[in-house]
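[1] Below is the sequence, then the predicted model.
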Amino acid sequence: QWPTLDPFLFCVHHRDDYPPGNDELGPAASLEGRMIGQDFEGIDGWRMYHGQRVPGFPQHPHRGFETVTYVRTGLIDHSDSIGAAARFGRGDVQWLSAGRGIVHAETFPLVERDRPNPLELFQIWLNLPAEDKLAEPHFAMLWDADIPRVRHRSDGGALAEVTVIAGPLEGAEPPAPPPRSWASRPDAEVAIWHVRLEPGASWRMPAVHREGTLRTLYVFDGEGIEVDRTPVAVSHAAVVRPDRDLELASERGAECLVLQGAPIGEPVAQYGPFVMNTEEEIHQAFADYRATGFGGWPWSSDEPVNPPSEGRFARHPDGVLERPAAG
């Protein structure tokens, strides 16, 4: 879990080397010694998290913010209280605006029976301003094929590639965020970029000219980078200047995540899955959830999974079914 700056609330990097799956799409391995329901120990390189039979996070509520889930490897099955469902991963991004309240489940189906099921993802929590905290919930999928990449090669041929999840970059426009998102405001300067540098590659990250914008860089893989010749080691973060171009370079190769945005600048009151502006609003969120269940839970299981043969898809609350171009 990485520390974040306003307007971001939370950023966690999950990496689990799951074994082959069983008939229920859970691990074909003993669960002995794990605290099922609270398994975060990383025994054998993987975790069940809150899952009972399938790894992941059974149904739980949110209010007042957004989750941006970027899955680099593996699959997630999503189900929620507004009727949306999905299987996504392998480069896809799900953008879920909880607004006034949503319940969702995120399970990690181990669909491969005869080989391991590695999973790697980022989940990022992006705050909502007070005027949008009780907006209608919104579900959106950003399929891998629709997310633009910016590529540059150094004189020696090494590649720098930037996956543009949010925030325009060098003419690349990513899919639109939810309409009430802080990221939907051009003056908020919200950006989420995944930067991959091959050994010997470099990339000049352009300046942002809105005063007060914050930019944080997280080095999560490889051998570290240099930011204008200042080294940043792997598993470290750096708050970097947004008001001038910065050269990112790596002699031995690295990957990093850039989170950028103008601060919302409002009080934050957070308790568990709810993020509001005051303690009274947190109490009201709990009361509303107890009274309404944020629409109830329309699924037969608290940790739903799709059939093993199901491909990547999204079924929206209005019943519209979509699949990525790649199938």
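    That came in fine, so what should we check first?
[2] wait, doesn't residue 177 sit right on residue 132?
    No: judged on CB atoms under 8 Å, residue 177 makes no contact with residue 132 at a distance of 11.9 Å. Every C-beta, even on glycine, is put in place using the N, C-alpha and C of the backbone.
[3] Give me the pLDDT value at residue 327.
    The pLDDT attached to residue 327 in the predicted structure is 49.
[4] Figure out the helix or strand that residue 66 lives in.
    strand 65-73 (DSSP states H and E).
[5] The protein: helices as residue ranges?
    Here the chain has its helices, by DSSP state H, at 279-292.
[6] Point out where the protein drops to low pLDDT.
    Low-confidence segments of the chain, defined by pLDDT under 70: 326-327.
[7] Could you rerun that using 50?
    For the chain, applying pLDDT under 50 flags the ranges 327.
[8] Residue nearest the middle of it, spatially speaking?
    When CA atoms, centre = their mean is applied to the chain, the residue found nearest the centroid is residue 69 (2.3 Å).
[9] Bridging across strands, which residues link to residue 151?
    The partner list for residue 151 in beta bridges (DSSP bridges) reads residue 161.
[10] Confirm for me that it is in contact with residue 158.
    No: with contact defined as CB under 8 Å, residue 151 does not count as touching residue 158 (11.2 Å).
[11] Those two: who's more crowded?
    Neighbours per residue, other CB atoms under 10 Å: of residue 151 and residue 158, the larger number sits with residue 158, 18 against 12.
[12] Please report how far the more buried one lies from residue 249.
    10 Å (CB to CB, to the nearest Å).
[13] now residue 32
    Distance from residue 32 to residue 249, by CB to CB: 47 Å.
[14] ok, those two, which is more surrounded?
    Between residue 32 and residue 249, counted using other CB under 10 Å, residue 249 has the larger neighbour count: 19 against 7.
[15] residues near residue 229, how many?
    Residue 229 has 7 nearby residues by other CB under 10 Å.
[16] And it, how close does it get to residue 154?
    Taking CB to CB, one finds residue 229 at 16 Å from residue 154.
[17] what does residue 245 give?
    16 Å.
[18] Neighbour count: these two, which is higher?
    Under the criterion of other CB under 10 Å, the comparison of residue 245 against residue 154 puts residue 154 first, with 15 against 10.
[19] The more buried one is in contact with residue 204, isn't it?
    No: the criterion here is CB under 8 Å, and residue 154 misses it with residue 204 at 11.1 Å.
[20] if we can go back for a sec, for the residue nearest to the centre of the chain, which residues are in contact?
    If a contact means CB atoms under 8 Å, 6 or more residues apart in numbering, then residue 69 has 76, 93, 94, 95, 96, 106, 121, 122, 123, 124 as its contacts.
[21] can you rerun that using 10 Å?
    14, 76, 78, 88-89, 92-96, 106, 121-124, 142 (CB atoms under 10 Å, 6 or more residues apart in numbering).
[22] For the nearest residue to residue 144 once chain neighbours are set aside, list the residues it contacts.
    Using CB to CB, 6 or more residues apart in numbering and skipping the chain neighbours, the partner closest in space to residue 144 is residue 91 (3.1 Å). Listed by CB under 10 Å, 6+ apart, the contact set of residue 91 reads 70-73, 142-145, 147, 163, 194, 312, 324, 326.
[23] go on, residue 199?
    156, 158, 159, 222, 223, 250, 251, 252, 253, 254.
[24] Now with 6 Å, please.
    Contact analysis of residue 199 by CB atoms under 6 Å, 6 or more residues apart in numbering lists 252, 253.
[25] Pretty sure residue 315 sits against residue 82.
    No: at 11.2 Å, residue 315 does not count as touching residue 82 under the criterion of CB atoms under 6 Å.
[26] more crowded one of those two?
    residue 82 (20 against 17).
[27] just checking, the more buried one touches residue 317?
    Yes: the criterion here is CB under 6 Å, and residue 82 meets it with residue 317 at 4.6 Å.
[28] what about the strands in the stretch 151-300 of the chain?
    159-166, 191-197, 201-205, 214-222, 225-227, 230-232, 236-239, 246-250, 254-261, 269-271, 274-276 (DSSP state E, counting those that start in this stretch).
[29] how much does the first one deviate in direction from strand 246-250?
    So that's strand 159-166. Interaxial angle, strand 159-166 versus strand 246-250 (axes from the mean of the first three to the mean of the last three CA atoms, to 10 degrees): 130 degrees.
[30] Could you give me the buried positions within strand 159-166?
    160, 161, 162, 163, 164, 165, 166 (16 or more other CB atoms under 10 Å).
[31] tilt between it and strand 254-261?
    Using the same axes, to 10 degrees, strand 159-166 lies at 30 degrees relative to strand 254-261.
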